[in-house]
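**Student:** Show me the folded form of this:
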Amino acid sequence: MCFKTLNDDDQAYSAEIFLDTSIHCCKLKGPLFVPRVDRVFSLFKWRASCTYTQVEYGNVVLSVAQYLLRKITDYGSLTKAQDFVANRLPHALHPGKVTWTFNLLQRIYGSNDAECSERAKRKLRSLMRLCVKFVDELCDAPLEDGVECYWARHGFQRAVDGGFEWKAPRRRRSRPRCKICHFMRAPIGEAR
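**Tutor:** This is a model prediction of the structure:
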């Protein structure tokens, strides 16, 4: 990936920026992306996002974190869980799990596999506890949310075993729980 070099003379075209799911995910991808994203953020005076972005973030990041927690627990080993995802999980069917396993479990060090496994579980549990608040932390006070996504408010729950669980949205056209369709069809400035 080729980045344009930013310097102090760069000016943003607008004072505001809307942060979509990919930007929030980039903050978790490692040392190459984080300084670049922070530098771009500094060019804007107002950063905003929406509840629909929170749900997408949950579907991408939190669902994989939940999956990895389960695999580490099942195998009792970070090394075995990573080996399963890298070598036995069909990449064609689950490319996101392979990619996010690398991103979420990079830079976990310890003197042995048991220590690394425990650190990985703690990191993933912290991510699950933080849930979609990570999206809010990168934004200024929220703009009016024309989408009002139900699942952004109710997607994170405690599982029966006491663990954390990201509930993927179950959307039905016959029973909409948000205003995404109205929001997308409304002319700019009228999406209420």
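**Student:** just the helices in the chain please.
**Tutor:** 21-26, 33-41, 51-57, 63-75, 78-83, 95-104, 113-130, 133-137, 150-154, 180-185 (DSSP state H).
**Student:** can I get those helices in CSV with mean neighbour count and distance to Ser174?
**Tutor:** Quick note: C-beta positions are derived from backbone N, CA and C, even for glycine. Below are the helices of the chain laid out as CSV (neighbours: other C-beta atoms under 10 Å; distance: least, C-beta to C-beta, whole Å):
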stretch, mean neighbour count, distance to Ser174
helix 21-26, 18, 26
helix 33-41, 14, 39
helix 51-57, 24, 20
helix 63-75, 19, 25
helix 78-83, 18, 39
helix 95-104, 16, 29
helix 113-130, 16, 31
helix 133-137, 15, 29
helix 150-154, 17, 15
helix 180-185, 14, 12
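**Student:** Looks like Cys131 contacts Gln157 (just checking).
**Tutor:** No: with contact defined as C-beta atoms under 8 Å, Cys131 does not count as touching Gln157 (10.0 Å).
**Student:** Could you check which of the two is surrounded by more residues?
**Tutor:** When neighbours are counted by other C-beta atoms under 10 Å, Cys131 and Gln157 differ, and Cys131 comes out ahead with 21 against 10.
**Student:** Number of residues surrounding the nearest residue to the more buried one once chain neighbours are set aside?
**Tutor:** Excluding its sequence neighbours, the residue lying closest to Cys131 (C-beta to C-beta, 6 or more residues apart in numbering) is Phe156, at 4.3 Å. Residues near Phe156, counting by other C-beta under 10 Å, number 21.
**Student:** Can you read off the pLDDT for Phe156?
**Tutor:** With respect to pLDDT, Phe156 scores 70.
**Student:** Tell me which residues touch it, please.
**Tutor:** Applying C-beta atoms under 8 Å, 6 or more residues apart in numbering to Phe156 gives the contacts 58, 62, 128, 131-132, 164-167.
**Student:** That one bridge partners, please.
**Tutor:** Listed by DSSP bridges, the beta-bridge partners for Phe156 are Trp166.
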